[in-house]
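*Asks:* here is my input; please provide its structure:
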Amino acid sequence: MILNTLFGPCAKVCWVVTMGQPADQNVNPIPKGLAPIHTHGKADVCHDDSTPTVRARTLEELHSLQKKRSAPSTPRIGTPGIGTSTPKSPISEEERQRQQLQSISASLASLTRETGPQVVRGEPGRKVEPTKVVEDVRTTPAFVSDSFLKFTHVLYNLSPAELYEQAIKYEKGSFITSTGALATLSGARTGRSPRDKRVVKEESTQDDLWWGKGSPNIEMDEHTFLLNRERAVDYLNSLDKVYVNDQFLNWNPTHRVKVRIISARAYHSLFMYNMCIRPTYEELEDFGTPDFTIYNAGQFPCNRYTHYMTSSTSIDLNLKRKEMVILGTQYAGEMKKGLFSVMHYLMPKRGILSLHSGCNMGKEGDVALFFGLSGTGKTTLSTDENRYLIGDDEHCWSDDGIANIEGGCYAKCIDLSGDKEPEIWNAIKFGTVLENVVFDEHKRVVDYSDRSVTENTRAAYPIEFIPNARIPCVGPHPKNIILLTCDAFGVLPPVSKLTQAQTMYHFISGYSALIAGTEFGVKEPQATFSACYGAAFIMMHPAKYASMLSENMKKHGATAWLVNSGWSGGSYGVGKRIKLVHTRKIIDAIHNGSLLQAEYSQIPVFGLHIPDRVEGVPSEVLRPENMWSDQKAYRETLNKLAGLFKKNFEYFMDYKIGDDSRLTEEILAAGPQ
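*Replies:* You can find the predicted model right below:
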């Protein structure tokens, strides 16, 4: 019975138990207590499933057997969409790592000291010996500081699994949700801080940038930037470990930009792993010096007594030094949008148009760009199961065609459901970062309707998590340019075809409307204008981007459309939202080319050209005045919105495009009269 209890029924025939005095008198007597168990003596065992023991003598050796070195994931030469690599003289692994660490140490170097910190790969817990890598990188200064004596451990280009482990172990507020995503908190700041963003005004770039009224670029001097950089670098060097990501921007290999992100949180490292283009193992070997570096010391505040500082937060761009410093905010979106601002400067300088847009491609290779502010349906309409997704937010249009800037998607999660947005819903799995969401404390099921932390809940995931994503994220020249607006005044038509001048006017205006104060019963819609549909990120004057868009459209024969997904039959509170099914039918007609075959008529004030028919959409819906019962109210509201457009455009009237003012005059004439 004892054996049956301890070892199961098989023990009856597998074991021989000798009770009392042993048979072999040469064996020392057994002291009183448990009898010995003999594991030999019978050959008819139940089942022998024994295997050889592991080849390890310590737990550390056993753990080391779990892991093997990562193998290259793609061939070095001839990878489609990546380009080819020029074979280089082979170097040893030790030399390659020495060069890599030397580059990272240089990035972390203080401007007041001769050399960077002592950097070494791996966790702080492991023993570090002064190796040849460190000795070759540094020279001993005349005065040795505490920071010189310590090692800064570099966690370099970690995988999502490794970053999960780091976040769960070291960052409070990090949890794995029921679908496998990593839920994190961004601290006190749950959104971008545009009023705390500064751009260094210096001789080499100041004439290219847009300054003054209406511009998002708030200036700072280089001395103040260096003070903040020193503060960020000192903070990062004081830590036991930092995370370093070496990645790329722009899927077009000809115009690719190398970026390095140095951060203090695993959450930030995983976020940028998802949002930037992930290099292969071979590409990392040849990465070299980055084109741009981010120092994310967001857990540490800026010095409020420093000139230009208006809060404990500061996001600083220095285009000359090719550096960005983040202090006082842990919101990861600052890194993403900071790099987008950088691309809004670098790409136009190369003659390439940078765009804040979604982009998809049909089975026949027809590409469409989608511009629109929050609430216009840009994400919903550009994510189409019948078309390939090239990207959801940031793109470049060059002579080669269109290319996504990023390697991931950054989707809003508030009120997310599997029925409305299945692609985003299904993308929230292992590897995805969920920012500031609320979940059940036991089951870890996310409640996407909960706004307890913020309404700006987000999911960051690699673009390949979308089933119909086109990899590599490039395509031919766009065929259609779709400007989306959510007109809560209810006077703009559901769709209109734009002339070149009208395209530039509405692109510069970037109009949509928001419903403000509804919780207090306020029904009046508020117009919002964001130049180029992304005013917070542009670096040059909006007319510069608009003229480049117009030139590309002329060169490649693209057609522009203004699509209103807002209200019809009256303003918000009186009219009704245009049905999504009708908007989708309009988008389908644009994609398949049937809308080009329609007859068009022009409406007063805005001068927009309206089609007489769209398959699947009632003809009366196409003309906004037909949907209003009060024609006087319609005309008054139409003129009111026209006045708001004119007032907003005053910011841009002093900018001259080209050698004369004719194009500027054409753009002004294309607006409401």
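*Asks:* tell me the contacts of residue 409?
*Replies:* For residue 409, the contacting residues are 391, 392, 393, 424, 427, 459, 460, 461, 463, 465, 466, taking CB atoms under 8 Å, 6 or more residues apart in numbering as the criterion. C-beta coordinates here come from the backbone N, C-alpha and C atoms, glycine included.
*Asks:* most neighbours, which of those residues?
*Replies:* Each of the contacts of residue 409 was scored by neighbours using other CB atoms under 10 Å; the highest score is residue 391's, at 30 neighbours.
*Asks:* so what sits opposite that residue in the bridge?
*Replies:* Partner residues in beta bridges with residue 391: residue 359, with DSSP bridges as the criterion.
*Asks:* so it sits right up against residue 410, yeah?
*Replies:* No: taking CB atoms under 8 Å as the contact criterion, residue 391 and residue 410 are not neighbours in contact, 10.9 Å apart.
*Asks:* distance of the nearest residue to residue 670 once chain neighbours are set aside from residue 571?
*Replies:* In space, residue 670 comes closest to residue 501 once its chain neighbours are excluded; the distance is 3.7 Å by CB to CB, 6 or more residues apart in numbering. When CB to CB, to the nearest Å is the yardstick, residue 501 and residue 571 sit 28 Å from each other.
*Asks:* could you list the low-pLDDT ranges of the stretch 451-600 of the chain?
*Replies:* Applying pLDDT under 70 to the stretch 451-600 of the chain picks out residues 515-524.
*Asks:* again, only this time at 80
*Replies:* Low-confidence segments of the stretch 451-600 of the chain (pLDDT under 80): 514-525.
*Asks:* just the helices in it please.
*Replies:* With DSSP state H, counting those that start in this stretch applied, the stretch 451-600 of the chain shows helices at 500-509, 542-556, 580-592, listed in chain order.
*Asks:* and those helices, which is most packed in?
*Replies:* Per-residue neighbour counts averaged over each of those give the maximum for helix 500-509, namely a mean of 23 (mean count of other CB atoms under 10 Å).
*Asks:* by contact count, what packs against it?
*Replies:* If you count contacts as 3 or more CB pairs under 8 Å, 6 or more residues apart in numbering; DSSP states H and E, helix 500-509 packs onto strand 478-485, helix 542-556, strand 559-564, helix 631-649, helix 662-669.
*Asks:* want to try TSV for those, with distance to residue 376 as columns?
*Replies:* As requested, the helices and strands packed on helix 500-509 are exported to TSV (distance: least, CB to CB, whole Å):
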stretch	distance to residue 376
strand 478-485	4
helix 542-556	18
strand 559-564	9
helix 631-649	16
helix 662-669	22
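*Asks:* now for the ones you listed, which one comes closest to residue 622?
*Replies:* Nearest to residue 622 among the helices and strands packed on helix 500-509 is strand 559-564; the distance by CB to CB comes to 10.7 Å.
*Asks:* just give the nearest non-adjacent residue to the residue positioned nearest the centre of the chain, would you?
*Replies:* With distances taken as CA atoms, centre = their mean, the chain has residue 275 as the residue nearest its mean C-alpha position (3.7 Å). The shortest distance from residue 275 to any residue other than its chain neighbours is 4.4 Å, reached at residue 408 (CB to CB, 6+ apart).
*Asks:* beta partners of that neighbour?
*Replies:* If you apply DSSP bridges, the partners that residue 408 bridges to are residue 462.
*Asks:* count the residues that sit near it.
*Replies:* Around residue 408 sit 30 other residues, with neighbours defined as other CB under 10 Å.
*Asks:* what do you get for residue 203?
*Replies:* The criterion is other CB under 10 Å. On that basis, residue 203 has 8 neighbouring residues.
*Asks:* which strand or helix spans it?
*Replies:* In this assignment (DSSP states H and E), residue 203 forms part of neither any helix nor any strand.
*Asks:* how near is it to residue 320?
*Replies:* Using CB to CB, residue 203 is found at 9 Å from residue 320.
*Asks:* can you pull the contacts of residue 473?
*Replies:* With CB under 8 Å, 6+ apart as the criterion, the residues that contact residue 473 are 251, 390, 391, 403, 404, 407, 463.
*Asks:* can you check the pLDDT for the fifth one?
*Replies:* Turning to residue 404, the model gives it a pLDDT of 98.
*Asks:* give me the below-cutoff pLDDT ranges for the stretch 1-150 of the chain.
*Replies:* Counting by pLDDT under 80, the stretch 1-150 of the chain shows low-confidence ranges at 1-57, 59-91, 93, 112-116, 125-150.
*Asks:* quick one on the thing from earlier: the residue nearest to the centre of the chain: what's it in contact with?
*Replies:* The contact partners of residue 275, taken as CB under 8 Å, 6+ apart, are 335, 336, 406, 407, 408, 410, 460.
*Asks:* quick check: closest non-adjacent residue to the fourth one.
*Replies:* If you skip the residues right next to it in sequence, residue 407 has residue 277 as its closest partner in space, 3.9 Å away by CB to CB, 6+ apart.
*Asks:* can you count the residues close to the one you found?
*Replies:* Once other CB under 10 Å is used to define contacts, residue 277 is seen to have 23 neighbours.
*Asks:* where do the strands sit along the stretch 401-550 of the chain?
*Replies:* Taking DSSP state E, counting those that start in this stretch as the criterion, the stretch 401-550 of the chain carries its strands at 401-404, 408-412, 433-435, 438-439, 446-447, 458-462, 474-475, 478-485, 495-498, 511-515, 525-529.
*Asks:* of those strands, which is nearest residue 240?
*Replies:* Ranking the strands of the stretch 401-550 of the chain by their distance to residue 240 (criterion: CB to CB) puts strand 433-435 first, at 23.2 Å.
*Asks:* check the burial of residue 122 by counting its neighbours.
*Replies:* 14.
*Asks:* now for the nearest residue to residue 234 once chain neighbours are set aside, how many residues are close by?
*Replies:* Among residues not flanking residue 234 along the chain, residue 110 sits closest, at 6.8 Å (CB to CB, 6+ apart). As a burial measure, residue 110 scores 16 neighbours (other CB under 10 Å).
*Asks:* residue 609 too?
*Replies:* Applying the criterion other CB under 10 Å, we find 17 residues in the vicinity of residue 609.
*Asks:* contacts only, for residue 566.
*Replies:* For residue 566, the contacting residues are 485, 486, 487, 488, 489, 490, 492, 512, 513, 577, 578, by CB under 8 Å, 6+ apart.
*Asks:* how about the helices of the stretch 451-600 of the chain in TSV, adding distance to residue 66?
*Replies:* Listed next are those as TSV, based on distance: least, CB to CB, whole Å:
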stretch	distance to residue 66
helix 500-509	55
helix 542-556	51
helix 580-592	50
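*Asks:* closest to residue 159 out of these?
*Replies:* Minimum separation from residue 159 across these (CB to CB) falls at helix 542-556, 37.0 Å.
*Asks:* what packs against that closest one?
*Replies:* helix 333-349, strand 353-356, strand 478-485, helix 500-509, helix 662-669.
*Asks:* a markdown table for the ones you listed, including distance to residue 594?
*Replies:* A markdown table is the format used below for the helices and strands packed on helix 542-556 (distance: least, CB to CB, whole Å):
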| stretch | distance to residue 594 |
| --- | --- |
| helix 333-349 | 34 |
| strand 353-356 | 26 |
| strand 478-485 | 12 |
| helix 500-509 | 21 |
| helix 662-669 | 29 |
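*Asks:* ranking these by burial, who's on top?
*Replies:* strand 353-356 (a mean of 26).
*Asks:* which helices and strands sit right next to it?
*Replies:* For strand 353-356, the helices and strands in contact under the criterion 3+ CB pairs under 8 Å, 6+ apart are helix 333-349, strand 367-371, strand 394-398, helix 542-556.
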